[in-house]
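1. prediction below, plus the sequence it came from.
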Amino acid sequence: MREKIILVCQNLMKMLELAFEEFRRPEQKPFKEAEEVKDRIHHHSSELTGFIISKNPSSEKGREWAKPYLSIASSFDRMTYNIEGILDRLRAKSQNHILFSDQAVKEVNDVFQEAMRLLRILPDLITTGNKTLAQRIGEEGRSMFKIANGYSEEHEERLIQGICVPKHSPIYLGIIESLKGVMVHTLEVSGKIVSLSSKS
């Protein structure tokens, strides 16, 4: 079970790294590679869900055992959709030759870096069940979430001042929101892993 969860996690990390690469240096290669990784994630996630259900006896105790694992698989699926959303917005940004202000680039970069860092820690947490590590993921994730909310508010100020272009705004905000989604689901997985570790 742990190996299957880690495999999905590693593929999610790869997909997010490809999205970040596309953000930093727009070209078609990361998009194609991300599509392949997305297919692998869906395959591994489906396998994980099937595996959980196959181990789930029909008893009440069996169903209770399966719920946190199914929740983890569901969080992985939602992370995948968030990363797909980032890639869709980056595609639109590239096709429409949209440029972000230096400040917007820095902000998106910051949130990307933190989302990748948190996701990178998850396999260690899955392997060890270390509560201190989970606590760190929680604290840092919540802190960055607040910062990302602040970035969205600052972006609105830049719009009002005419620094940012209104038609670029949905793409910037969409990327930030999707990255926040990745962080939220990373925190959810982290919490489930710790609760499972404390039961075993």
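-> Received, thanks.

2. any idea which helix or strand in the protein has the lowest mean pLDDT?
-> helix 29-54 (a mean of 87; mean pLDDT, DSSP states H and E).

3. same for that one, what does it pack against?
-> Other elements packing on helix 29-54 under the criterion 3 or more Cβ pairs under 8 Å, 6 or more residues apart in numbering; DSSP states H and E are helix 2-24, helix 60-95. (C-beta placed from N, C-alpha, C; glycine too.)

4. in JSON lines: these, plus mean pLDDT.
-> Below are these laid out as JSON lines (pLDDT from 0 to 100):
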{"stretch": "helix 2-24", "mean pLDDT": "93"}
{"stretch": "helix 60-95", "mean pLDDT": "89"}
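
5. sorry, back to before: the inter-axis angle of the least confident helix or strand of the chain versus helix 2-24?
-> 160 degrees (axes from the mean of the first three to the mean of the last three Cα atoms, to 10 degrees).

6. ok, the residue in the chain sticking out farthest from the centre to residue 141 distance?
-> In terms of distance from the mean C-alpha position of the chain, residue 59 ranks first, at 33.4 Å (Cα atoms, centre = their mean). Counting by Cβ to Cβ, to the nearest Å, the gap from residue 59 to residue 141 is 35 Å.

7. need the contact partners of stretch 33-40.
-> 11, 14-15, 18-19, 22, 80, 83-84, 87 (Cβ atoms under 8 Å, 6 or more residues apart in numbering).

8. closest to residue 67 out of those?
-> residue 80 (20.5 Å; Cβ to Cβ).

9. the nearest residue to that closest one once chain neighbours are set aside: what's it in contact with?
-> Excluding the flanking residues, the one nearest residue 80 by Cβ to Cβ, 6 or more residues apart in numbering is residue 41, at 5.2 Å. Contact analysis of residue 41 by Cβ under 8 Å, 6+ apart lists 8, 11-12, 15, 76, 80.

10. export those residues as JSON lines, with columns for neighbour count.
-> Listed next are those as JSON lines, based on neighbours: other Cβ atoms under 10 Å:
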{"residue": "8", "neighbour count": "27"}
{"residue": "11", "neighbour count": "22"}
{"residue": "12", "neighbour count": "28"}
{"residue": "15", "neighbour count": "27"}
{"residue": "76", "neighbour count": "24"}
{"residue": "80", "neighbour count": "22"}
